[in-house]
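S.K.: Attaching a predicted model along with its sequence, questions to come.
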Number of protein chains: 2
Amino acid sequence: MSVPEKTVLALDAHGGDQGLAVSVPAAIAALKEDTQLQIILTGDKNALREAILAVDASLENRFVIQHAESVIAMDANPADVLRRGRDSSMWKAFELVAGKEAAACVSGGSTTAMMVMGVKLLGMLPGIQRPALMAYVPNTRNYTGLLDLGANLKVTARQLVQFAVMGAVTAREVEGLTDPTVGLLNVGHEDSKGHNVVREAHGMLQDLPINYAGFIEGHDIFDGTVDIAVCDGFAGNLILKSTEGLARMMLTEFRNAVSGSLADETMAASSVRRVLARLDPAAHNGAPLLGLNGVAVKSHGGSDQKGLTRAILEAGREARRQVPGRIEASIHEYQLEAAS
Amino acid sequence: MSVPEKTVLALDAHGGDQGLAVSVPAAIAALKEDTQLQIILTGDKNALREAILAVDASLENRFVIQHAESVIAMDANPADVLRRGRDSSMWKAFELVAGKEAAACVSGGSTTAMMVMGVKLLGMLPGIQRPALMAYVPNTRNYTGLLDLGANLKVTARQLVQFAVMGAVTAREVEGLTDPTVGLLNVGHEDSKGHNVVREAHGMLQDLPINYAGFIEGHDIFDGTVDIAVCDGFAGNLILKSTEGLARMMLTEFRNAVSGSLADETMAASSVRRVLARLDPAAHNGAPLLGLNGVAVKSHGGSDQKGLTRAILEAGREARRQVPGRIEASIHEYQLEAAS
């Protein structure tokens, strides 16, 4: 009998808005759910030791603490990150992945800082220029992977095609989909719609051996038409944040409308709870930075314990399935490397 | 005592998915609500006469029927529109505005066809290259005007600034806001964020005497941070359609969750109904095409009677407040004309 291999993850323990109060319980919950995980917590060693003992001392031997002196500010610009970020808990987490001491890192800190450290410490896969950020959003049947979310504001057709391949590989390996469908977001379904860049990418995608569903429109993200929806980072960021804003508004209005009127034990109350749970950002937290030579997962800064646990488990699956290597192989096989 | 002036509107009676079954009752409801309106219905004269008599013969004298032989297909491309569209009900409606027989036109037909006819028959205001489409979306306190929604897929900084001015003028004149706030959509609030085009527009907007609130993010549309939110047509179209898709999904899930469990007379039921009414697309249907030398309002193709009535009333307000002339004056005053 073979012993299943351990997977070691690095967690930036100070990365979220609530720091250790969320990260330590989230790490403990992840260790309980995935018994092959080990977690290296990066941050203040004394505070971390206390926090672990306070929550659940029995798992102490599955934690390693890697001391870090500082925390990256949420509004740090790229120059600040490179100049003053080397002692931070986030930097230490990326360094552990770069040095192969961890198979993946997770942080709820600044996306900009994660991008900078990812490029600097892990490096890009051959032929990919910048990492793309992919989020999972709920649809009528499951979740749609949406990328890019802001790293690539202006894109070439080749970059859009790379996003499609990276998204499809991740969905296949991590979500276990046999042949995930990929759509290219545009202002209409017809071949003649859109600007030159999306039309050129549309032509390239039709020639690839992936399950390309053609142009899709904004509503298709939530209709569940495809598993992966691709667009440039400017539009993707606006889509993600506007739908988050709308969801928050609608949930608030509905909660106010029904609060106090649905007894906890009624059918309606349990149905409402099920809807809320599905739409809860925690249910789909954990956005991989794709295209890096290593696994890095961004957790929402405001995420609660449940959400951060989900992001940690996502990182574990990506590491085990060796997503970066599989992306590299597909990009190479399809001859999609950008000229450097 | 002065007699209030009549406002004559042209309505493309075959424009929506349900044709006369929606357009005639919607026109009648608009005439009842706004007693200074007169409506010229364009379409099949026999069918129109019958439809009016069947619904409410008492208003017959406030209708004029303008016969049209054909209807523009929803998927007509611009060449089709120009080659074969001249006998259509939509073309007749635009022609009435061009010939000053009507002060505004409304259609639920193809947006592409409306754009083509608007440019061809009404023409652009001096220094504006293409019309911009603005929709109203609900926010936590009222409605946000969002533009452009798909006519301008690639924009210059000057075009973004023109959108800002056109949106602000419309909100002031039609919605009665004294000094509407305008935000420029971007991937972050900081001056350093975004690509060159949005950063250049940001600089230009800071120098104008409008109530510019700076960069906003996607969630600000629904948080009600500003009255007008500006972006290029590619991102705007994706934002609008993705939020429509999400709203539809959430409403369906909530309706299913509470259906049968809230007695009609409970507080919760009436609160839920109020939330649904506010989020109902009919409550904010009617998207003006701004920048044309004349008023044209796009109604959602699938709109019900209530929604189309709202679009007709919106067109009436824009015509009375002479929105195109006021936009022209502001664009000229701020020296924003594009070189032609």
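M.R.: Yes, it's here.

S.K.: Now do the contacts for the closest residue in space to residue A:317 that isn't next to it in sequence.
M.R.: Once flanking residues are discounted, residue A:317 sits nearest to residue A:174: 4.8 Å by Cβ to Cβ, 6 or more residues apart in numbering or on different chains. Where C-beta positions appear, they are placed from N, C-alpha and C, glycine not excepted. Applying Cβ atoms under 8 Å, 6 or more residues apart in numbering or on different chains to residue A:174 gives the contacts A:314, A:317, A:318, A:321, A:323.

S.K.: Let me see the contact set for the fourth one.
M.R.: By Cβ under 8 Å, 6+ apart, residue A:321 lies in contact with A:173, A:174.

S.K.: What are the phi and psi values at it?
M.R.: When read as degrees, to the nearest 10, the backbone of residue A:321 gives phi -80, psi 0.

S.K.: where does chain A have its least confident helix or strand?
M.R.: When the helices and strands of chain A are scored by mean pLDDT, DSSP states H and E, helix A:267-279 comes last with a mean of 69.

S.K.: could you give the mean pLDDT of the following helix or strand past that helix?
M.R.: Next helix or strand after helix A:267-279 toward the C-terminus (DSSP states H and E): strand A:287-290. For strand A:287-290, mean pLDDT is 97.

S.K.: got the end-to-end distance for stretch A:318-336?
M.R.: 22 Å (Cα to Cα, to the nearest Å).

S.K.: Off-centre distance for it?
M.R.: 17 Å (Cα atoms, centre = their mean, to the nearest Å).

S.K.: Please identify the buried residues of that stretch?
M.R.: A:318-321, A:323-324, A:326-328, A:330-331, A:334, A:336 (16 or more other Cβ atoms under 10 Å in any protein chain shown).

S.K.: Could you do stretch A:62-80 as well?
M.R.: A:62, A:63, A:65, A:66, A:68, A:70, A:71, A:72, A:76, A:78, A:80.

S.K.: Kindly report the same for stretch A:289-302.
M.R.: Under 16+ other Cβ under 10 Å, the buried positions of stretch A:289-302 are A:289, A:290, A:291, A:292, A:293, A:294, A:295, A:296, A:297, A:298, A:299, A:300.

S.K.: picking up where we left off before, mind picking the two most distant members of the buried residues of stretch A:318-336?
M.R.: Across the buried residues of stretch A:318-336, the longest distance by Cβ to Cβ is 24.9 Å; it joins A:320 and A:336.

S.K.: quick one on the thing from earlier: which of the buried residues of stretch A:318-336 sits closest to chain B?
M.R.: residue A:336 (23.0 Å; Cβ to the nearest Cβ).

S.K.: Would you agree the closest one is in contact with residue A:163?
M.R.: No - using Cβ atoms under 8 Å, residue A:336 is not in contact with residue A:163, being 10.4 Å away.

S.K.: Would you mind listing what in the stretch 51-200 of chain A touches chain B?
M.R.: A:75, A:77, A:138-140, A:150, A:153-154, A:185, A:187, A:190, A:192, A:194-195 (Cβ under 8 Å from any Cβ of the partner chain).

S.K.: By neighbours, which of those residues wins?
M.R.: For these, counting by other Cβ atoms under 10 Å in any protein chain shown, the largest number of neighbours falls to residue A:185: 27 neighbours.

S.K.: got the contact list for that residue?
M.R.: Taking Cβ under 8 Å, 6+ apart, one finds A:198, A:215-218, A:220-221, A:229-231, A:235, A:239, B:238 in contact with residue A:185.

S.K.: So for it, what's the nearest residue that isn't a sequence neighbour?
M.R.: Nearest to residue A:185 is residue A:231, by Cβ to Cβ, 6+ apart, at 4.0 Å.

S.K.: can you check residue A:302 too?
M.R.: Closest to residue A:302 by Cβ to Cβ, 6+ apart is residue A:17, at 5.2 Å.

S.K.: Give me the pLDDT value at the one you found.
M.R.: Reported pLDDT for residue A:17: 92.

S.K.: if I've got this straight, residue A:182 is in a strand?
M.R.: Yes - using DSSP: H, G, I helix; E, B strand; the rest coil, the assignment for residue A:182 is a strand.

S.K.: Next up, the contacts around it.
M.R.: A:164, A:167-168, A:205, A:210-213, A:226-230.

S.K.: Please give the number of neighbouring residues around the residue nearest to residue A:156 when sequence neighbours are not counted.
M.R.: Leaving aside its chain neighbours, residue A:156 sits nearest to residue A:197 (6.7 Å; criterion: Cβ to Cβ, 6+ apart). Residues lying near residue A:197 (other Cβ under 10 Å) number 19.

S.K.: Kindly report the same for residue A:120.
M.R.: 15.

S.K.: I'd say it and residue A:83 touch.
M.R.: No - using Cβ under 8 Å, residue A:120 makes no contact with residue A:83, being 11.9 Å away.

S.K.: Disregarding residues adjacent in the polypeptide, which is nearest to the residue of the stretch 1-150 of chain A found nearest chain B?
M.R.: Residue of the stretch 1-150 of chain A nearest chain B, by Cβ to the nearest Cβ: residue A:150 (4.9 Å). Setting aside the residues directly before and after it, residue A:150 is nearest to residue A:237 in space (Cβ to Cβ, 6+ apart), at 3.8 Å.

S.K.: pretty sure that neighbour is touching residue A:147, no?
M.R.: No - contact criterion Cβ under 8 Å: residue A:237 and residue A:147 do not qualify, at 10.6 Å.

S.K.: sorry, back to before: which ones among the contacts of residue A:174 are found in helices?
M.R.: The helices, defined by DSSP state H, take in A:314, A:317, A:318, A:323 from those.

S.K.: In contact with the last one, which residues?
M.R.: Contacts for residue A:323 were tallied using Cβ under 8 Å, 6+ apart; they are A:169, A:170, A:173, A:174, A:288, A:290, A:295.

S.K.: likewise the first one?
M.R.: Taking Cβ under 8 Å, 6+ apart, we find residue A:314 in contact with A:174, A:286, A:288, A:297.

S.K.: with the residues you listed in mind, which one is nearest to residue A:101?
M.R.: Distances from residue A:101 to the contacts of residue A:314, taken by Cβ to Cβ, are shortest for residue A:297, at 17.0 Å.

S.K.: would that closest one count as being in a strand?
M.R.: Yes - per three-state DSSP, residue A:297 lies within a strand segment.

S.K.: I'd like to know how far residue A:20 sits from residue A:48.
M.R.: 7 Å (Cβ to Cβ, to the nearest Å).

S.K.: Need the residues touching each of those two.
M.R.: Joint contacts of residue A:20 and residue A:48 (Cβ under 8 Å, 6+ apart) are residue A:13.

S.K.: So for the two, which residue has more residues nearby?
M.R.: Comparing residue A:20 with residue A:48 by other Cβ under 10 Å, the one with more neighbours is residue A:48, at 24 against 21.

S.K.: in terms of contact, does the more buried one touch residue A:65 like I think?
M.R.: Yes - contact criterion Cβ under 8 Å: residue A:48 and residue A:65 qualify, at 4.9 Å.

S.K.: so what sits against both of the two?
M.R.: Common neighbours of residue A:48 and residue A:65 (Cβ under 8 Å, 6+ apart) are residue A:41.
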